[in-house]
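**Q** What follows is a protein structure lacking sequence information:
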């Protein structure tokens, strides 16, 4: 060890400690370099770094030593370390971590930001009103929620408040609420907004819905997917939700929201007997007469209805009221479809053993 150490809190610090740190920094970069699938030569990398807008010129020998399996203990060139971290999008803190820590280089926050960015589009800011099924899969209750998205410091904050339907407690009607907070994130390449919102007890909701850039309007309607935990089993639970700029009337909620929440694709399937439920409904009977030719399986026990086909069959000369009439009827039918309104993800008891002893074996 070096002579004349400096004592810090009675612990000697030697110059050799610097050499150990120097080698650790270089070895971390060399490790990342060796693990690259398409590894450029030292000469090629030297030219790449020099041509970068925020890169630096380094000698061949300096770069070669930096990425050697057996580097020298000399102090690494700071500008070269910065250039390599920028080029490979590596986290500086990991590279400069103490030598005593076995740290593997990881992507920097900037690298992640290329695919995930905090939502800053102000057309998505404000208070919105939504509806989804309760966490308790045994109940058919649809709950209301509000989603408030606002700028917060130099970030964006989302606040979710869920409202249960009022229940009588000790003779009084009580509405239970729960508050969740999170940061809304945009995935630019896929145009998807996602946010995971949690409360103080670890309960959570993860929301996913598509992103569209508005020129004039702000967000006024969106249908998305929510993932949470079932209230009793704590198993993952998936359901749809719908989001509006304005709160809906109780009458419209009761009549049309149930038709928006089943887990369906563009089409849905209903039992033929369901049509009898609307036998005395002239509005629905009129819809059947005008559009039932679009349906598949009318002679079977089940009827398959494709939403988009029915909408495309509307007369081009018809006004907006006709389109609204058709959508209202479709939603009332879709409420009674065969698709579930929530899915509780389970892992059947025998599946892990089956996967281990059969699926993952070659024979």
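**A** Perfect, I can see it now. Fair warning: this is a prediction, and the values are worked out from it, not measured in the lab.
**Q** Could you report the pLDDT at residue 40?
**A** pLDDT recorded at residue 40 is 92.
**Q** Return the backbone torsion pair for it.
**A** The phi/psi pair for residue 40 (degrees, to the nearest 10) reads phi -70, psi 160.
**Q** How many residues are close by it?
**A** By other CB atoms under 10 Å, 12 other residues sit near residue 40. To be clear about C-beta, it is placed using only N, CA and C from the backbone, and glycine gets the same treatment.
**Q** Of all the residues in the helix ranked longest in the chain, which ones are buried?
**A** What stands out as the longest helix in the chain, according to DSSP state H, is helix 16-34. Within helix 16-34, the residues scored as buried using 16 or more other CB atoms under 10 Å are 19, 21-30, 32-33.
**Q** One more: stretch 336-352?
**A** Across stretch 336-352, burial judged by 16+ other CB under 10 Å covers 336, 337, 341, 342, 344.
**Q** Could you identify the longest strand within this structure?
**A** Longest among the strand segments of the chain by residue count, using DSSP state E, is strand 142-152.
**Q** ok, back up a step: so which of the buried residues of stretch 336-352 are in strands?
**A** Per DSSP E, the buried residues of stretch 336-352 map to strands at 342, 344.
**Q** Could you dump the buried residues of stretch 336-352 into a markdown table with pLDDT and distance to residue 270 added?
**A** Rendered in a markdown table, the data for the buried residues of stretch 336-352 read as follows (pLDDT from 0 to 100; distance: CB to CB, whole Å):
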| residue | pLDDT | distance to residue 270 |
| --- | --- | --- |
| 336 | 96 | 6 |
| 337 | 96 | 5 |
| 341 | 96 | 14 |
| 342 | 96 | 19 |
| 344 | 94 | 23 |
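**Q** Show me which of the buried residues of stretch 336-352 is closest to residue 240.
**A** residue 341 (7.6 Å; CB to CB).
**Q** wait, doesn't the closest one sit right on residue 261?
**A** Yes: taking contacts as CB atoms under 8 Å, residue 341 lies within contact range of residue 261: 5.4 Å.
**Q** joint contacts of those two?
**A** The contact sets of residue 341 and residue 261 overlap at 133, 239, 240 (CB atoms under 8 Å, 6 or more residues apart in numbering).
**Q** Which residue is the nearest non-sequential neighbour of the second one?
**A** The reference is to residue 239. Closest residue to residue 239 apart from its sequence neighbours, by CB to CB, 6 or more residues apart in numbering: residue 342 at 4.3 Å.
**Q** where's the one you found relative to residue 135, distance?
**A** Note on residue 342: its distance to residue 135, by CB to CB, to the nearest Å, is 9 Å.
**Q** Now residue 198: closest residue in space that isn't a chain neighbour?
**A** With sequence-adjacent residues excluded and distances taken as CB to CB, 6+ apart, residue 198 is closest to residue 204, at 4.6 Å.
**Q** swap in residue 212?
**A** Using CB to CB, 6+ apart, the closest residue to residue 212 is residue 191 (7.3 Å).
**Q** can you give me phi and psi for the one you found?
**A** As for residue 191, its main-chain torsions (degrees, to the nearest 10) stand at phi 50, psi 50.
**Q** right, and it touches residue 121 too?
**A** No: using CB under 8 Å, residue 191 is not in contact with residue 121; the gap is 11.3 Å.
**Q** returning to that earlier point: now, among the buried residues of stretch 336-352, which is nearest to residue 245?
**A** Minimum distance to residue 245 across the buried residues of stretch 336-352 is 23.8 Å, recorded for residue 341 (CB to CB).
**Q** Run through the residues that contact that closest one.
**A** By CB under 8 Å, 6+ apart, the contact list for residue 341 reads 133, 140, 239, 240, 261, 262, 263.
**Q** Would you mind checking those for buried ones?
**A** Applying 16+ other CB under 10 Å to the contacts of residue 341, the neighbour count classes 133, 239, 240, 261, 262 as buried.
**Q** Name the spans of the stretch 1-150 of the chain whose pLDDT lies under the cut-off.
**A** For the stretch 1-150 of the chain, the stretches with pLDDT under 70 are 1-15, 108-114.
**Q** and the buried residues of stretch 336-352, which two are the farthest apart?
**A** Going by CB to CB, the pair spanning the buried residues of stretch 336-352 furthest: 336 and 344, at 21.3 Å.
**Q** residue boundaries of the strands in the stretch 151-300 of the chain?
**A** 155-163, 167-169, 172-174, 177-182, 185-187, 192-198, 204-210, 221-229, 236-244, 267-271 (DSSP state E, counting those that start in this stretch).
**Q** The closest residue to residue 165 other than its chain neighbours and residue 205, how far apart?
**A** Nearest residue to residue 165, sequence neighbours excluded (CB to CB, 6+ apart): residue 141, at 5.7 Å. Distance, residue 141 to residue 205, by CB to CB: 16 Å.
**Q** Same question for residue 132.
**A** 9 Å.
**Q** With residue 231 instead?
**A** Applying CB to CB to residue 231 and residue 205 gives a distance of 12 Å.
**Q** Kindly report the same for residue 84.
**A** 40 Å.
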